[in-house]
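K.L.:
Generate coordinates for the sequence data below:
(one chain, ligands or ions: 1)
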Amino acid sequence: MTEPTDEAAAVEPLLRLRDVDVHYGSSGHVLHSVTVEVPPAGIVAVLGPNGAGKSTLLRAVSGTLPLHDGRLTGGGITVAGRALTGRDPAASVRAGVVQVPEGRRVFGGLTVAENLRAGTLGLRRSSRRPAVVGASADRVFDLFPALARRSTRRAGLLSGGEQQMLAIGRALMAQPRLLLLDEPSLGLAPAMVAVIGEVITAINRQGVGVLLIEQNAAMALRLASHAYVLDVGRVRLAGTSAWLSGSDEVRRLYLGAAADDVPDAAPAADERPDLRRWVP
Ligand SMILES: Nc1ncnc2c1ncn2[C@@H]1O[C@H](COP(=O)(O)OP(=O)(O)OP(=O)(O)O)[C@@H](O)[C@H]1O
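P.N.:
Numbering: from 1, shown residues only. Here you go, the predicted model:
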């Protein structure tokens with residue numbers, strides 16, 4: 001079911017997946033004619049139970065399906081009107097699409113600063129000049145003061161929340177126009193979930209679009225303007241977050257327990273993101 005609307009989309013979406021099909025291996029048909037859009041500088045959430053296909057959807061956008069023995073077998077993907085279909089991960093990054101993988105995969109043996117520099121590896125040479133990389137790192141440190149104080153610490157010694165900040169910071173080093181976030185709240189303490197929510201809002205306010213995959217539906221619907229509910233590889237519900245939050249099905253299946261997960265408690269002062277401009 002899709003929220004009724006009278007208006008055709010007037011502007012080209014930042015991201016458009018149209019009728020996307022994905023298979024794994026020789027037979028596993030996992031996404032079935034999935035259509036999802038992110039408006040320019042919007043936040044859009046994708047909700048759904050385990051195994052619904054949320055990570056697969058992100059892999060299709062980031063060009064990483066082949067790394068998982070998967071392939072796009074139908075439909076198309078565009079970023080700001082330009083086709084992404086069939087491109088490799090580096091091409092997606094150069095198109096401004098950068099993924100923060102599930103599970104805060106930072107390089108534990110490298111320092112915070114080295115992890116950030118690693119975020120620029122897929123970029124064109126002009127974007128990897130020391131002055132550009134340094135300015136990007138400064139902006140990440142402005143956004144995450146806790147990382148600035150730990151820039152020489154090995155990433156493996158950071159707390160889970162700090163590692164999530166670092167994973168997001170590393171993605172920002174690639175100067176994305178669309179950030180793909182895979183379960184950023186997973187395994188974090190409630191106060192840190194609130195911090196990450198603030199960070200996502202702050203980044204988005206600077207003009208970066210966000211496609212947010214979340215099991216924490218209360219958090220996702222609070223941050224996003226629109227959301228999609230995936231179920232067994234199909235879009236089951238789609239609409240504004242306000243409309244979905246009022247839907248009996250979403251309330252029953254996703255908001256029952258999760259509504260209590262995001263506290264109103266303010267995060268500690270030094271964990272608050274700095275809201276200065278990110279976009280140069
Ligand atoms: N590399 C793979 N090879 C074969 N099947 C896969 C592969 N990765 C995922 N799948 C299958 O695809 C389906 C969707 O998985 P996916 O990880 O995209 O779901 P999800 O909604 O992200 O779930 P979760 O929250 O548990 O990660 C599942 O049935 C899963 O078993």
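K.L.:
Could you tell me which ranges of the stretch 101-250 of the chain sit under the pLDDT cut-off?
P.N.:
Low-confidence segments of the stretch 101-250 of the chain (pLDDT under 70): 104.
K.L.:
Strands along that one, start to end?
P.N.:
178-182, 209-213, 226-231, 234-240 (DSSP state E, counting those that start in this stretch).
K.L.:
would you turn those strands into CSV with mean neighbour count and distance to the ligand?
P.N.:
C-beta here means a position set from N, CA and C on the backbone, and glycine is covered the same way. Formatted as CSV, those follow (neighbours: other CB atoms under 10 Å; distance: least, CB to the nearest ligand atom, whole Å):
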stretch, mean neighbour count, distance to the ligand
strand 178-182, 25, 8
strand 209-213, 26, 7
strand 226-231, 23, 7
strand 234-240, 18, 12
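K.L.:
For the stretch 51-200 of the chain, what lies in contact range of the ligand?
P.N.:
51, 52, 53, 54, 55, 56, 68, 69, 70 (CB under 6 Å from any ligand atom).
K.L.:
Just the ones of these in helices?
P.N.:
Taking DSSP state H, the ones among those that sit in helices are 54, 55, 56.
K.L.:
Can I get the buried part of those as one PyMOL selection?
P.N.:
Here is the PyMOL command that selects the buried residues among those (16 or more other CB atoms under 10 Å):
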select buried, resi 54+55+56
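K.L.:
gap between residue 95 and residue 22?
P.N.:
To residue 22, residue 95 is 19 Å away according to CB to CB, to the nearest Å.
K.L.:
who has more neighbours, the two?
P.N.:
Neighbour comparison, residue 95 and residue 22: the larger count goes to residue 22, with 24 against 19 (by other CB atoms under 10 Å).
K.L.:
Now do the more buried one, the pLDDT please.
P.N.:
The per-residue pLDDT reported for residue 22 equals 96.
K.L.:
Can you show me the helices along the stretch 51-200 of the chain?
P.N.:
In the stretch 51-200 of the chain, the helices defined using DSSP state H, counting those that start in this stretch lie at 54-62, 89-94, 112-118, 130-143, 145-149, 160-172, 190-205.
K.L.:
would you turn those into CSV with distance to residue 235?
P.N.:
CSV is the format used below for the helices of the stretch 51-200 of the chain (distance: least, CB to CB, whole Å):
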stretch, distance to residue 235
helix 54-62, 10
helix 89-94, 22
helix 112-118, 34
helix 130-143, 33
helix 145-149, 36
helix 160-172, 25
helix 190-205, 22
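K.L.:
All set, thanks.
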